[in-house]
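A.B. asks: sequence and predicted model, in that order:
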Amino acid sequence: MGVILKNTILATLLLANCFNASAASSTSTNSPFYGDKYRGWYWFEDPPVEPENEPEKEKQAAPAAETKPEEEKKEEKVRLDVAWLRSKIPEYQEVAINNPTRENIARYMYVQRYMLDMGSRFATKTTEFNQFESELDESKRRPMSTFSLNVFKDDTKKAISNVISAINEKSHLWFFFSSNCAYCKKQLPLLKELKIRFGMNVLAISMDGSVLPGMEDIEVVVDKTNVAQRFGVQFTPTMFMALNDGTGFTKIGEGLTTLPLMQDRILLSARLKNVITDEQYQQTQNVREINVLTDTDGTMLADAELIENDPGYLAEILKAKLADSKPVGAQLFNSLSGE
């Protein structure tokens, strides 16, 4: 009995020691306080107080993006200018033809009316402008009124007579003919008329050695030196204008040629050969040549910057080219002579 009690007590003590050792081991590994025994026994400092968790700030909800009201669409404007009309009228016309509804036809017709009114407005404004812009007056080329036109025609006839008379002093006509040429017989009276009106000298050159009836008052020579061949004459009648000094020859007719046509070619040939001046030639024309390109070879030159920046620049330099043009029925005033 005593032995059993003794063994029981020993077993109980052994179990208690084991329990305490296990508890100490657990405490030393899990608790930082007991694990830090090198800092002193537990009675030297209080166990660290764990900070209390601060209450989490309530997350403020991000303000919802304000929904902006839809911006009112700005009304787009279109300028109904010439460029717009040029592109849209054919389009509207095509739509109206393909689908001739009232709306399509109305759109096309009113847009076309708009275009016509723009053209009419432009025509009115340009007419008003030209009324007081003498440099652009077309009556300077040829008069419009009957009264001025009659004066113009009389002046032109006098000028033709005077200028051809001046031409006759430096040139004469060659008339290549053959006696069996029916057209030469019809051409002869026209050449005689030139001689009567303007005193034009005519030299008739016979290609077959014979003459035509009615050539009594005209000098005739026979082509013995093959002049016709040298000038390439193949047909009769053929007329040349020849300068008296032998420096220039111009064919003015091949075949039957009217008097006005010979007259015009004589005048033009004389101008091209510098027998008469440009001014003399213009006085003989039914329509005067008043041109901004007079005395200008090729094209004009102008300042590029001024053309872009000054709307009046181009008009002024072109206007200056026409400033000296003489009106019909007027003469230049000479302050020195008082005329």
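C.D. replies: Yep, that arrived. The structure presented is a predicted model; accordingly, all values stated were derived computationally and were not measured.

A.B. asks: when you work out contacts or count neighbours from here on, use the C-alpha atoms and nothing else.
C.D. replies: Noted.

A.B. asks: in the protein, what spans have low per-residue confidence?
C.D. replies: In the predicted model of the chain, residues 1-73, 294-298, 334-339 satisfy pLDDT under 70.

A.B. asks: per-domain residue ranges of it.
C.D. replies: The chain is divided into the following domains under automatic domain parsing: 2-38, 82-126, 155-283, 291-329.

A.B. asks: out of those domains, which comes closest to residue 75?
C.D. replies: With respect to residue 75, and counting by C-alpha to C-alpha, the nearest of the domains of the chain is domain 82-126 at 18.2 Å.

A.B. asks: so which of the domains of the chain comes closest to residue 138?
C.D. replies: If we rank the domains of the chain by C-alpha to C-alpha, the stretch that ends up nearest is domain 291-329, at 9.6 Å.

A.B. asks: gap between the two ends of the closest one?
C.D. replies: Counting by C-alpha to C-alpha, to the nearest Å, you get 19 Å between the two ends of domain 291-329.

A.B. asks: pull out the buried residues from that domain.
C.D. replies: Neighbour counts over domain 291-329 (16 or more other C-alpha atoms under 10 Å) mark 319, 321-322, 325, 327-328 as buried.

A.B. asks: same question for stretch 201-211.
C.D. replies: Within stretch 201-211, the residues that qualify as buried are 201-207, 211, counting by 16+ other C-alpha under 10 Å.

A.B. asks: would you reformat those residues as a markdown table and include distance to residue 129?
C.D. replies: What follows is the buried residues of stretch 201-211, written out as a markdown table (distance: C-alpha to C-alpha, whole Å):
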| residue | distance to residue 129 |
| --- | --- |
| 201 | 50 |
| 202 | 52 |
| 203 | 55 |
| 204 | 56 |
| 205 | 58 |
| 206 | 61 |
| 207 | 62 |
| 211 | 63 |
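
A.B. asks: of all those, which two lie farthest apart?
C.D. replies: 201 and 207 (19.3 Å).

A.B. asks: that older thread, winner for burial among the domains of the chain?
C.D. replies: Among the domains of the chain, judged by mean count of other C-alpha atoms under 10 Å, the one packed with the most neighbours on average is domain 155-283 (a mean of 17).

A.B. asks: wait, is residue 87 part of a helix?
C.D. replies: Yes - note on residue 87: a helix contains this position according to DSSP: H, G, I helix; E, B strand; the rest coil.

A.B. asks: ok, it to residue 111 distance?
C.D. replies: Per C-alpha to C-alpha, residue 87 is found 12 Å from residue 111.

A.B. asks: now residue 275
C.D. replies: 59 Å.

A.B. asks: hmm, back to that, out of the domains of the chain, which comes closest to residue 136?
C.D. replies: Judged by C-alpha to C-alpha, the one of the domains of the chain that comes nearest to residue 136 is domain 291-329, at 8.0 Å.

A.B. asks: is residue 240 part of a helix or strand, or is it coil?
C.D. replies: Here residue 240 is recorded as strand under three-state DSSP.

A.B. asks: swap that for residue 220, sorry
C.D. replies: Secondary structure of residue 220, reduced to three states by three-state DSSP: strand.

A.B. asks: what's near enough to touch it?
C.D. replies: By C-alpha atoms under 8 Å, 6 or more residues apart in numbering, residue 220 lies in contact with 203-206, 211.

A.B. asks: and with 7 Å instead?
C.D. replies: By C-alpha atoms under 7 Å, 6 or more residues apart in numbering, residue 220 lies in contact with 203-205.

A.B. asks: residue 301 should be in a helix, yeah?
C.D. replies: No - assessed by three-state DSSP, residue 301 does not belong to a helix; its assignment is coil.

A.B. asks: re earlier: can I get the contacts of residue 220 in a markdown table with distance to residue 107 and secondary structure?
C.D. replies: Formatted as a markdown table, the entries for the contacts of residue 220 read as follows, by distance: C-alpha to C-alpha, whole Å; DSSP: H, G, I helix; E, B strand; the rest coil:
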| residue | distance to residue 107 | secondary structure |
| --- | --- | --- |
| 203 | 74 | strand |
| 204 | 74 | strand |
| 205 | 75 | strand |
